[in-house]
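[1] Turn this into a model:
(one chain, ligands or ions: 1)
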Amino acid sequence: MPAKLYGFLKKYKLLLTGAVLMAALCVALTFAGVQNDRYAIDASYDEQTHTLAVEQVIHMTNRTGETLDHLCLNLYPNAFWEQARAPVIKTEFSHAYPHGFNAGGAQVGSVKVNDREAAWALDGAQKTFLRVQLPFRLRAHGSVELTLSYTVTLPNNRLRMGYSDKDVRLCNVFATLSVHDGDHFRADAYSAVGDPFVSDCADWDVTLRVPDAYVVAGAGLVEKKEGAWVFKGRDMRDFALVMSKDFHVAQTEQDGVSIRSFAYSQESAQEALDYAAQSIKVFSDLYGPYPYPDFSICAAQFYVGGMEYPALVMLDESLYRTDDGMLEFVAAHEAAHQWWYAGVGSDQVNAPWQDEALAEYSTLLYYESVYGAQSFDSLYQSMVRPATENASLKGVGVDQRLDRFESAALYDALIYRKGAAMLHDLRVSMGNDAFIAALRKYYDENLYSIAAPSNFLEALGDNADQALGWLKGAKP
Ligand SMILES: [Zn+2]
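    Model prediction:
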């Protein structure tokens, strides 16, 4: 080989290696660009004062495509300061606050941006939006580290955030970054009806320090060491914890998912565990793998019934004490939310049907799978059909914003039940296999993102117009 040519080839090889390295770097940068935001939390609970002292570090990347001079976070505990603005349905007040109203909320100590004190303000009627002024302009794709110190006072109540003589509910307690809608940061009120929370998936490292007697339910338990419970959750749009000194724990594994059940007796824990495991099996088979390594189902003093968080659901303790079958129904509904809400997120304020109708209809599919077609049919006739015949819902589309509802009854009938009727109509038209294939596609393509209604319609293919009829009110 002539030396000159060899030299050229050597140079070419160097260039080629350089190009490969550059390409690898670009790929690495691209992946770095889509990395989740990170929340690192160290929280200590004082059971004498019912307060939680929180140190929270948030590493976020500006994905808005614009330069930002401020950031906005949801600080939901502040919705509990004033009775008139608390997220409780007025006619149900005595269930929510059996000992009368008592205030709760977050007191912000300091806010730092990249270790420098930053100016901040609380906005919104409920003061649930923490607006942080950045001491510099944060360009698109730039990253920043926020450090928040705040103390949350828990109210004695039976809502998502609070304590009772049996439990402590730390749900929607930690600050979350507001979602940016392209123009500005979302500022959704903490409404009494529905679940008014919209947030992007992030990675969470949470350490909770509590007195020794407590048992803490939370996603991704890593270890418990000297009163410190350490949790690690990935791809989670929120992080909730429930604790009690009276918890009994039962655990099992299903489809590779570690399942733990927390309740006030071993029998109750075992019963809920069985429903949880059965739900994970049914929905994994139907839609695709459960989105996390573990799942916790826990009893709580939560009078509303059931509430979903990523890899954790809480069920009101009263459900465990009656044998009307509602424990199983609510357990299956909340487990279904791990696919529709936690896995595939959606806009729960502007399109609450998108997770609730799917969770409700999935619950009926759970009964069909476990107990047969007759069980599905009897639930359909008793729960779903009446919503399609409800005179006040005639011509009303399933696609309604949350703030349209003052009563949970109407919200349930339209969003859950008539929404489930829409899905059943689609299943009958498409045939079971094509319908389930569409839901699998929707799940697969939108996992860990916030899906738009159009993403759901796309997955339906030729049947999108049929769904639109229900959503917009052309159907019954
Ligand atoms: Zn639900």
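
[2] Let's verify whichever residue of the chain sits closest to the ion: helix, strand, or coil?
    Ranked by CB to the ion, the top residue of the chain for proximity to the ion is A359, at 4.5 Å. Placement of C-beta: from N, CA and C, glycine included. A359 falls in the helix class when you classify it by DSSP: H, G, I helix; E, B strand; the rest coil.

[3] If we ignore the residues flanking it in sequence, what's nearest it?
    Counting by CB to CB, 6 or more residues apart in numbering, A336 is the residue found nearest to A359 once chain neighbours are left out, at 4.2 Å.

[4] Run through the residues that contact that neighbour.
    279, 283, 358-359, 362-363, 366 (CB atoms under 8 Å, 6 or more residues apart in numbering).

[5] In a markdown table: the residues you listed, plus neighbour count and distance to Y39.
    Below are the contacts of A336 laid out as a markdown table (neighbours: other CB atoms under 10 Å; distance: CB to CB, whole Å):
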| residue | neighbour count | distance to Y39 |
| --- | --- | --- |
| S279 | 29 | 27 |
| F283 | 28 | 27 |
| L358 | 26 | 27 |
| A359 | 25 | 25 |
| S362 | 24 | 29 |
| T363 | 27 | 31 |
| Y366 | 27 | 32 |
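
[6] mind listing which of those residues are in helices?
    Mapping the contacts of A336 onto helices (DSSP state H) picks out 279, 283, 358-359, 362-363, 366.

[7] if I look at the residue nearest to A359, how far off is P155?
    To P155, A336 is 30 Å away according to CB to CB, to the nearest Å.

[8] residue boundaries of the strands in the stretch 101-250 of the chain?
    For the stretch 101-250 of the chain, strands defined by DSSP state E, counting those that start in this stretch occupy the ranges 105-113, 116-117, 120-123, 129-138, 143-153, 161-163, 168-170, 176-177, 202-209, 215-218, 221-225, 228-236, 241-244, 248-254.

[9] Packing partners of the first one?
    Going back to what we said before, that points to strand 105-113. With contacts defined as 3 or more CB pairs under 8 Å, 6 or more residues apart in numbering; DSSP states H and E, strand 105-113 has these neighbours: strand 120-123, strand 129-138, strand 143-153.

[10] hang on, A413 in a helix?
    Yes - per three-state DSSP, A413 lies within a helix segment.

[11] so who does it touch?
    Applying CB under 8 Å, 6+ apart, the residues near A413 are 386-387, 390, 393.

[12] Filter these down to the buried ones.
    For these, a burial check counting by 16 or more other CB atoms under 10 Å picks out 387, 390, 393.

[13] For the first one, which non-adjacent residue is spatially closest?
    Excluding its sequence neighbours, the residue lying closest to A387 (CB to CB, 6+ apart) is R417, at 3.4 Å.

[14] again, but for the second one
    Excluding its sequence neighbours, the residue lying closest to N390 (CB to CB, 6+ apart) is A413, at 5.8 Å.

[15] Quick check: pLDDT value at the one you found.
    Looking at A413, its pLDDT stands at 95.

[16] Up against the ion, what does this structure have?
    356, 359 (CB under 5 Å from the ion).

[17] where does the stretch 351-476 of the chain dip in pLDDT?
    476 (pLDDT under 70).

[18] Let me see the ranges of the strands in it.
    When assigned using DSSP E, counting those that start in this stretch, the strands of the stretch 351-476 of the chain occupy the ranges 450-451.

[19] for stretch 339-349, how far is the first residue from the last?
    This stretch, stretch 339-349, spans 18 Å end to end (CA to CA, to the nearest Å).

[20] again, but for stretch 207-217
    Using CA to CA, one end of stretch 207-217 lies 12 Å from the other.

[21] swap in stretch 148-158?
    End to end - CA to CA - stretch 148-158 spans 27 Å.

[22] Pull out the buried positions in that stretch.
    148, 150-158.

[23] can you check stretch 225-244 too?
    229-244.

[24] Check these and tell me the two furthest apart.
    Put simply, by CB to CB the two of the buried residues of stretch 225-244 set farthest apart are D235 and S244, 27.2 Å from each other.

[25] following the worst-scoring helix or strand of the chain on mean pLDDT, which helix or strand shows up next?
    In the chain, the helix or strand scored least confidently by mean pLDDT, DSSP states H and E is helix 3-33, which has a mean of 43. Later in the chain than helix 3-33, the nearest helix or strand by DSSP states H and E is strand 37-46.

[26] Within its sheet, name the partner strands of that following strand and how each one runs.
    Using DSSP bridges, strand 37-46 pairs in its sheet with strand 51-61 (antiparallel), strand 202-209 (parallel).

[27] In JSON lines: those strands, plus distance to A437 and mean neighbour count.
    Below are these laid out as JSON lines (distance: least, CB to CB, whole Å; neighbours: other CB atoms under 10 Å):
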{"stretch": "strand 51-61", "distance to A437": "35", "mean neighbour count": "19"}
{"stretch": "strand 202-209", "distance to A437": "31", "mean neighbour count": "20"}
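
[28] Domain ranges for this structure, per the record?
    Following automatic domain parsing, one gets these domains for the chain: 37-337, 346-472.

[29] where's Q56 relative to V428, distance?
    48 Å.

[30] picking that back up, tell me the one of the ones in helices among the contacts of A336 nearest V222?
    Using CB to CB, the ones in helices among the contacts of A336 come closest to V222 at S279, 24.8 Å.

[31] Just give the nearest non-adjacent residue to the closest one, would you?
    Closest residue to S279 apart from its sequence neighbours, by CB to CB, 6+ apart: A335 at 3.5 Å.

[32] In contact with the one you found, which residues?
    275-276, 279-280, 283, 295, 297, 313.

[33] which element is it on?
    If you go by DSSP H and E, A335 is part of helix 326-336.

[34] to the chain's geometric centre, what's the distance from that helix?
    Offset of helix 326-336 from its chain centre (CA atoms, centre = their mean, to the nearest Å): 16 Å.

[35] Just the CA coordinates for it, please, in CSV.
    The C-alpha trace of helix 326-336 is given here as CSV (Å, rounded to 0.1, in the frame of the first residue of the first chain):
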residue,chain,number,x,y,z
MET,A,326,-67.1,-2.6,46.9
LEU,A,327,-63.6,-3.2,48.2
GLU,A,328,-62.9,-5.4,45.2
PHE,A,329,-64.6,-2.9,42.8
VAL,A,330,-62.7,0.1,44.1
ALA,A,331,-59.4,-1.9,44.3
ALA,A,332,-59.7,-2.9,40.6
HIS,A,333,-60.7,0.7,39.5
GLU,A,334,-57.7,2.2,41.3
ALA,A,335,-55.4,-0.5,40.0
ALA,A,336,-56.6,0.3,36.5
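
[36] and N446, what does it touch?
    344-345, 455.

[37] Kindly reformat those as CSV containing neighbour count.
    Listed next are these as CSV, based on neighbours: other CB atoms under 10 Å:
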residue, neighbour count
V344, 26
G345, 24
N455, 17
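
[38] wait, isn't L138 in contact with T67?
    Yes - with contact defined as CB atoms under 8 Å, L138 reaches T67; the gap is 6.6 Å.

[39] Which residue of the two possesses the greater neighbour count?
    Neighbours were counted for L138 and for T67 using other CB atoms under 10 Å; L138 has more, 21 against 12.

[40] if I pick that one, what's in contact with it?
    Contacts of L138 (CB under 8 Å, 6+ apart): 62, 67-69, 71, 144.

[41] Compare these and tell me which has the most neighbours.
    L71 (24 neighbours).

[42] and it, what is it in contact with?
    So L71 contacts 60, 131-132, 134, 138, 144, 146, 177-178, 185 (CB under 8 Å, 6+ apart).
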